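K.L.:
only geometry, no sequence info:
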């Protein structure tokens, strides 16, 4: 009876995951969808703890360890979620994703150790061949979960360090050949493990260590504008690794959740690559981060730029008919989204139409700018996707660029030597006037100079985004 109830709970939890994921597609329902999926997970966990029975009918008994782990994890999760700043959200996502990969790898390690012990006893009565053949599918899933989970863990930790500026992009001649060599070692060792030497624990250890090394080497040279794609890809890895754990435990809800995360992460990665007009292979092998600095050092936009002061900027904006705001990481760093929304309301009171243009890879993770503006209660219908925004720039009187850099760089359209060549951009130069707010003239995250800053229609407004917007608010009020 309890197993039937648990099966129903798993089914309901799986439905909540699907419904929650669907609701995440719209900012209007995303919060509710997140709560629904979280509720389904809590129900599934509670059902497993109190209703699970093994093949012999035994219930779980180590409640101290279970609830101790739940308590510690919950406290850490709540504190991290409450204290994290919106600018640090990508780092937290990377770190939490890495923990998911580590859990999946540990599940595979634990299951292999259990299988190894059982197999040793089985060999007393059965032949080696019969023991291995009957468990070959299990061994394959174990090694997949270990490999994918380890790569996700190591890669996510490196991504976290890069986003925190604790780890720099690093590449060297022949690095891709080294990566392929490590991957080949893992593949050969995995085949030997599954089909010939499953009882060789040292071979399993070699695969585990090599997977960690590959995860580090895989992400180390990637940076710059490619980071949102890498985070999405690593997230899909964790989902696949979790699905392997669900297969090992014959746990339907774990399998469903892992498949959903893996599929969603993969689709998001593909969509972001299309938005950047780049293949996934090009992202992983020809990354911006690995070559941008060198390329950027050789191609200087040159020319002179002109500045605009706060009073003139407020005057131009206050008497404009249509303004489009382009938010970037600089806005997030300054935590200026609320002041930006206040400026928007003041301008609209004066009859100015205000909209926001969002690039698919703006910020440091997928949807970073959307979340940031939603936090400031900016209506979703004011957010323009790239294609729509590029049409509206032509009729805009003013474009206010707040901390965005690489996603508005015209070099992506014509400079074949640029590491961002081919990436679709927000074509802000089509507007009548472009005001760019930056702290300085330093290059953006991709490490290259921005041609936009030297265009005749562009004026630079230097300073911290929050401070500049506050001054603009004051000036607009006095108009």
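P.N.:
Thanks, I have the structure now. Keep in mind it's a predicted model, so treat the numbers as computed, not measured. Residues are numbered from 1 along each chain as shown.
K.L.:
C-alpha from now on. contacts and neighbour counts both.
P.N.:
Will do.
K.L.:
Quick one: residues contacting the residue nearest to residue 439 when sequence neighbours are not counted.
P.N.:
Leaving aside its sequence neighbours, residue 439 sits nearest to residue 463 (C-alpha to C-alpha, 6 or more residues apart in numbering; 4.6 Å). Contacts of residue 463 were listed using C-alpha atoms under 8 Å, 6 or more residues apart in numbering, and they are 437-440.
K.L.:
Filter the residues you listed down to the buried ones.
P.N.:
437-438 (16 or more other C-alpha atoms under 10 Å).
K.L.:
Show only the entries of the contacts of residue 463 found in strands.
P.N.:
Taking DSSP state E as the definition of strands, the contacts of residue 463 contribute 437-438.
K.L.:
Which element is encountered next along the chain beyond the helix or strand bottoming out on mean pLDDT in the chain?
P.N.:
Lowest mean confidence among the helices and strands of the chain (mean pLDDT, DSSP states H and E): helix 288-298, at a mean of 41. Per DSSP states H and E, the first helix or strand lying C-terminal to helix 288-298 is strand 306-307.
K.L.:
Let me see the mean pLDDT of whatever helix or strand comes next after that next one.
P.N.:
Following strand 306-307 in sequence order, the next helix or strand is helix 310-318 (DSSP H and E). When pLDDT is averaged over helix 310-318, the result is 94.
K.L.:
Next: stretch 103-115.
P.N.:
Computed over stretch 103-115, the average pLDDT equals 92.
K.L.:
Could you pull up phi and psi at residue 58?
P.N.:
phi -80, psi 140 (degrees, to the nearest 10).
K.L.:
Okay, strands next: where are they in the stretch 201-350 of the chain?
P.N.:
Assigned by DSSP state E, counting those that start in this stretch, the stretch 201-350 of the chain shows strands spanning 306-307, 322-327.
K.L.:
ok, now the stretch 351-479 of the chain?
P.N.:
Under the criterion DSSP E, counting those that start in this stretch, the stretch 351-479 of the chain contains strands at 353-357, 383-384, 398-402, 433-438, 458-462.
K.L.:
Show me how far the longest one is from its chain's centre.
P.N.:
In this case it means strand 433-438. 28 Å (C-alpha atoms, centre = their mean, to the nearest Å).
K.L.:
now the angle from it to helix 310-318?
P.N.:
130 degrees (axes from the mean of the first three to the mean of the last three C-alpha atoms, to 10 degrees).
K.L.:
Now strand 433-438: average pLDDT?
P.N.:
Mean predicted lDDT for strand 433-438 stands at 94.
K.L.:
what's the angle between it and strand 322-327?
P.N.:
20 degrees.
K.L.:
Quick check: can you name the pairing partners of strand 433-438 and their directions?
P.N.:
For strand 433-438, the paired strands and their directions (DSSP bridges) read strand 398-402 (parallel), strand 458-462 (parallel).
K.L.:
Turn those strands into a markdown table, columns for mean pLDDT and mean neighbour count.
P.N.:
Listed next are the strands paired with strand 433-438 as a markdown table, based on pLDDT from 0 to 100; neighbours: other C-alpha atoms under 10 Å:
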| stretch | mean pLDDT | mean neighbour count |
| --- | --- | --- |
| strand 398-402 | 95 | 25 |
| strand 458-462 | 94 | 21 |
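K.L.:
Pull up the distance across stretch 304-312, start to finish.
P.N.:
Start and end residues of stretch 304-312 are separated by 20 Å (C-alpha to C-alpha, to the nearest Å).
K.L.:
now stretch 312-332
P.N.:
The straight-line separation of the ends of stretch 312-332 (C-alpha to C-alpha) is 25 Å.
K.L.:
What are the buried residues along that stretch?
P.N.:
Using 16+ other C-alpha under 10 Å as the test for burial, stretch 312-332 gives 313-314, 317-318, 320-332.
K.L.:
can you check stretch 386-400 too?
P.N.:
386-387, 389-390, 392-393, 396-400.
K.L.:
Surely residue 321 and residue 349 touch.
P.N.:
No: Residue 321 lies out of contact with residue 349 (C-alpha atoms under 8 Å); the separation is 11.9 Å.
K.L.:
Which parts of the stretch 351-479 of the chain are helices?
P.N.:
368-375, 386-392, 411-414, 465-477 (DSSP state H, counting those that start in this stretch).
K.L.:
Check the stretch 201-350 of the chain too.
P.N.:
201-219, 227-249, 252-275, 280-285, 288-298, 310-318, 329-333, 337-349.
K.L.:
okay, the helices of the stretch 351-479 of the chain in JSON lines with distance to residue 104 next?
P.N.:
As requested, these are exported to JSON lines (distance: least, C-alpha to C-alpha, whole Å):
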{"stretch": "helix 368-375", "distance to residue 104": "27"}
{"stretch": "helix 386-392", "distance to residue 104": "37"}
{"stretch": "helix 411-414", "distance to residue 104": "39"}
{"stretch": "helix 465-477", "distance to residue 104": "41"}
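K.L.:
which one of those helices lies closest to residue 336?
P.N.:
In terms of C-alpha to C-alpha, the element of these nearest to residue 336 is helix 465-477, at 4.5 Å.
K.L.:
Might you list the low-confidence residue ranges for the stretch 201-350 of the chain?
P.N.:
Residues of the stretch 201-350 of the chain meeting the criterion pLDDT under 70: 223-225, 275-278, 282-303.
K.L.:
let's see it at 50
P.N.:
Within the stretch 201-350 of the chain, the ranges that satisfy pLDDT under 50 run 286-300.
K.L.:
average pLDDT for stretch 356-365?
P.N.:
On average, the pLDDT along stretch 356-365 is 81.
K.L.:
about what we covered before: distance-wise, check the residue nearest to residue 439 relative to residue 331.
P.N.:
Distance from residue 463 to residue 331, by C-alpha to C-alpha: 11 Å.
K.L.:
Longest helix in this structure, please.
P.N.:
Determined from DSSP state H, the single longest helix within the chain is helix 89-125.
K.L.:
how distant is stretch 145-159 from the center of its chain?
P.N.:
14 Å.
K.L.:
One more: stretch 410-418?
P.N.:
Offset of stretch 410-418 from its chain centre (C-alpha atoms, centre = their mean): 26 Å.
K.L.:
Ok, stretch 21-35 next?
P.N.:
For stretch 21-35, the distance to the chain centre is 17 Å (C-alpha atoms, centre = their mean).
K.L.:
what do you get for stretch 317-334?
P.N.:
With C-alpha atoms, centre = their mean, you get 24 Å for stretch 317-334.
K.L.:
which residues touch that stretch?
P.N.:
Residues contacting stretch 317-334 (C-alpha under 8 Å, 6+ apart): 86-87, 337, 347, 350-358, 362-364, 369, 372, 393, 395-405, 438, 464-466, 476, 479.
K.L.:
Buried ones among these?
P.N.:
Buried, going by 16+ other C-alpha under 10 Å: 86-87, 337, 347, 352-358, 362-364, 369, 372, 393, 396-405, 438, 464-466, 476, out of those.
K.L.:
Can I get the buried residues of stretch 386-400 in JSON lines including distance to residue 459?
P.N.:
Output for the buried residues of stretch 386-400, formatted as JSON lines (distance: C-alpha to C-alpha, whole Å):
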{"residue": "386", "distance to residue 459": "22"}
{"residue": "387", "distance to residue 459": "24"}
{"residue": "389", "distance to residue 459": "20"}
{"residue": "390", "distance to residue 459": "20"}
{"residue": "392", "distance to residue 459": "20"}
{"residue": "393", "distance to residue 459": "16"}
{"residue": "396", "distance to residue 459": "15"}
{"residue": "397", "distance to residue 459": "13"}
{"residue": "398", "distance to residue 459": "11"}
{"residue": "399", "distance to residue 459": "10"}
{"residue": "400", "distance to residue 459": "10"}
